[in-house]
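Q: Give me a 3D structure for the following:
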Amino acid sequence: MSKESKEQIPDISNAGGRWWALAYLSIAELLALSLWFSATAVLPALSREWQLGDGGRAGLTIAVQLGFIVGTLLSALANLPDVYSPRMIMAISAGIGALANGALALWVDSLGLALALRAVTGVCMAGAYPPAMKIMATWFREGRGVAMGILIGALTVGSATPHLIRGTTDLPWRETLLAASLLALVGCAIVIGLVKEGPYRFPVARFDVRMAGSIFRERGLRLACYGYFGHMWELYAMWAWVGAFLAESVQSRGGGASFGFSTSVATFFVIGIGGLGCYIGGIASDRWGRTTLTMAAMGLSGLCAAVIGFTFGGPPALTFAIALFWGLTIVADSAQFSTAVTELSQPAYVGTALTIQTSVGFSLTMVSIWLIPFLVGWIHWRWAFAVLAVGPFLGVAAMGRLRSLPEALKLASGRR
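A: Down below sits the predicted model:
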């Protein structure tokens, strides 16, 4: 038995104990994940200083996704979150990610090395994200949907935080990256000092490389993952490019048009409101069922993707309102796909299942992130985002199929 498993189980005799545990974990996740879009938030400054084209700009975001995919794939193949302490994996990953991001801020002046460091940051995010979901699941059986929603909501706000730093301060791009690294180091310290696994720990697993493919062999898990893949096709492309969409929409109207605050702050609100969406989605999922919530959220977000392009160059208030609603609905279902995996997979390999699910899902994001600027040049912003609607609409079909199967009774205590 590992040293970690011998630690005294935290006291949860009071009703608020597990919520304090969730609070510590969520704050740590918020701070650690501020690294994810730190370079994306400063792309305008980087583009001017390094004279980046569309390929270079997309590359800085895709590099993180690629690193994340490699990290999650290797982690899943090695069963890392199930064989080793997810708490220590999370802490080490947040710390190394902060150092990689800080190195980019302090010493890098060229795109090639920046791409390499962003990829390293992505690998570290693979160690900070799926293990956190497993730790959360050790604290909650009932109410797991809302707890997962709060955790993924923290991730969402953390991803949006660099835009807020950029929009509300006068920090140059290097100092903005350093600020994100400092936040991640604080998150690392919280994991080490305050985060513990709960009383509902999963069995310790043995290394078995075959378990990485188990989610595709079991019908219920496979369909839940198909729903997640459709969701991911839309999510990160929207997060990566909605700031550029908002900025160019305002610019196309000429001088004087604005949202009432900077585009960076508007982007923070559009992405950050997803934290509220995750919380609402968690409550709805626990009350009415996982498939019900995910189908509704994907239907609404897909509709937003299909129509928001028609507001390009229109009244900023209208564009911002639809973008906000898109930001609210696009991630409201995200946590519930992960929650479904914890309920449908073999208990000893929950961490592996979560990790391989995210690995494949993020592989799709590389394609959709790269596709958007290409489509903007070809068919303009009016139609570019509409291509993202394909993912959630296919996801609705997958979750509808899961809803009709007996396996769906394992979800949310029998609430499909």
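
Q: Where do the helices of the stretch 201-350 of the chain begin and end?
A: Secondary structure of the stretch 201-350 of the chain (DSSP state H, counting those that start in this stretch): helices located at 219-251, 263-272, 274-288, 290-307, 316-330, 334-344, 350-384.

Q: so can I have a markdown table of these showing distance to Thr176 and mean neighbour count?
A: From N, CA and C alone the C-beta is placed, and that goes for glycine too. Output for the helices of the stretch 201-350 of the chain, formatted as a markdown table (distance: least, Cβ to Cβ, whole Å; neighbours: other Cβ atoms under 10 Å):
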| stretch | distance to Thr176 | mean neighbour count |
| --- | --- | --- |
| helix 219-251 | 14 | 23 |
| helix 263-272 | 10 | 24 |
| helix 274-288 | 21 | 22 |
| helix 290-307 | 29 | 23 |
| helix 316-330 | 21 | 21 |
| helix 334-344 | 26 | 27 |
| helix 350-384 | 21 | 21 |
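
Q: got the contact list for Glu407?
A: When contacts are counted by Cβ atoms under 8 Å, 6 or more residues apart in numbering, Glu407 touches Arg219, Gly220, Leu344.

Q: before we move on, back to that, show me the one of the helices of the stretch 201-350 of the chain that comes nearest Arg201.
A: Across the helices of the stretch 201-350 of the chain, Arg201 has its closest neighbour in helix 350-384 (10.4 Å, Cβ to Cβ).

Q: roughly how far apart are Arg118 and Leu73?
A: According to Cβ to Cβ, to the nearest Å, Arg118 stands 18 Å off from Leu73.

Q: contacting residues around Trp381?
A: Neighbours of Trp381 in contact, by Cβ under 8 Å, 6+ apart: Phe245, Glu248, Ser249, Gly309, Phe312.

Q: For the fourth one, which residues are in contact?
A: Gly309 is in contact with Trp381, Arg382, Trp383, Ala384, Phe385, Ala386, counting by Cβ under 8 Å, 6+ apart.

Q: Quick check, pLDDT for the closest residue to Phe393 other than its chain neighbours.
A: Take Phe393 and drop its neighbours on the chain: the residue closest to it by Cβ to Cβ, 6 or more residues apart in numbering is Gly302, 5.1 Å away. In this model, Gly302 is scored at 97, pLDDT.

Q: check contacts around Gly302.
A: Residues near Gly302 by Cβ under 8 Å, 6+ apart: Glu234, Leu388, Ala389, Gly391, Pro392, Phe393, Val396.

Q: can you tell me which of those are in helices?
A: Glu234, Gly391, Pro392, Phe393, Val396 (DSSP state H).

Q: mind putting the contacts of Gly309 in CSV, distance to Leu364 included?
A: Shown next, in CSV, are these (distance: Cβ to Cβ, whole Å):
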residue, distance to Leu364
Trp381, 22
Arg382, 24
Trp383, 20
Ala384, 17
Phe385, 16
Ala386, 17
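
Q: Closest one of the residues you listed to Trp20?
A: Nearest to Trp20, judged by Cβ to Cβ, of these is Phe385 at 39.8 Å.

Q: so what's the closest one up against?
A: Shown in contact with Phe385 (Cβ under 8 Å, 6+ apart): Met238, Trp241, Phe245, Ala305, Ala306, Ile308, Gly309, Ile372.

Q: Is the last one in contact with Ala237, as I believe?
A: Yes: if you go by Cβ atoms under 8 Å, Ile372 and Ala237 touch, sitting 5.3 Å apart.

Q: Quick check: neighbours shared by those two?
A: Common neighbours of Ile372 and Ala237 (Cβ under 8 Å, 6+ apart) are Leu388.

Q: any idea which of the contacts of Gly309 is closest to Ala321?
A: The nearest member of the contacts of Gly309 to Ala321, counting by Cβ to Cβ, is Phe385 at 15.5 Å.

Q: secondary structure class for the closest one?
A: Counting by DSSP: H, G, I helix; E, B strand; the rest coil, the backbone at Phe385 sits in helix.

Q: on that earlier part again, which of the contacts of Phe385 sit farthest apart?
A: Trp241 and Ala306 (15.6 Å).

Q: Which elements pack onto the worst-scoring helix or strand of the chain on mean pLDDT?
A: Every helix and strand of the chain was ranked by mean pLDDT, DSSP states H and E. The lowest is helix 80-83, at a mean of 73. On a contact count with 3 or more Cβ pairs under 8 Å, 6 or more residues apart in numbering; DSSP states H and E, helix 80-83 meets helix 130-137, helix 350-384.

Q: could those helices go into JSON lines alongside distance to Ile89 and mean pLDDT?
A: Listed next are these as JSON lines, based on distance: least, Cβ to Cβ, whole Å; pLDDT from 0 to 100:
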{"stretch": "helix 130-137", "distance to Ile89": "5", "mean pLDDT": "84"}
{"stretch": "helix 350-384", "distance to Ile89": "9", "mean pLDDT": "85"}
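
Q: a markdown table for those helices, including distance to Ile150?
A: Listed next are the helices and strands packed on helix 80-83 as a markdown table, based on distance: least, Cβ to Cβ, whole Å:
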| stretch | distance to Ile150 |
| --- | --- |
| helix 130-137 | 9 |
| helix 350-384 | 17 |
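
Q: Can you tell me which of those helices is nearest to Leu25?
A: helix 130-137 (6.0 Å).

Q: How far away from the center of its chain is the closest one?
A: In terms of Cα atoms, centre = their mean, to the nearest Å, the centre of helix 130-137 is found 13 Å from the chain centre.

Q: One more: stretch 89-100?
A: Its chain's C-alpha centre and that of stretch 89-100 lie 17 Å apart, by Cα atoms, centre = their mean.

Q: which residues touch the nearest residue to Arg144 once chain neighbours are set aside?
A: Distances taken as Cβ to Cβ, 6+ apart put Thr339 closest to Arg144, at 5.5 Å, once the chain neighbours are dropped. By Cβ under 8 Å, 6+ apart, Thr339 lies in contact with Arg144, Gly145, Met148, Ser285, Arg290.

Q: Hmm, the fourth one is touching Gly143, no?
A: So the one you mean is Ser285. No: look at Ser285 against Gly143 with Cβ under 8 Å: they stay out of range, at 10.4 Å.

Q: quick one: Thr342 from Arg144, how far?
A: 7 Å.
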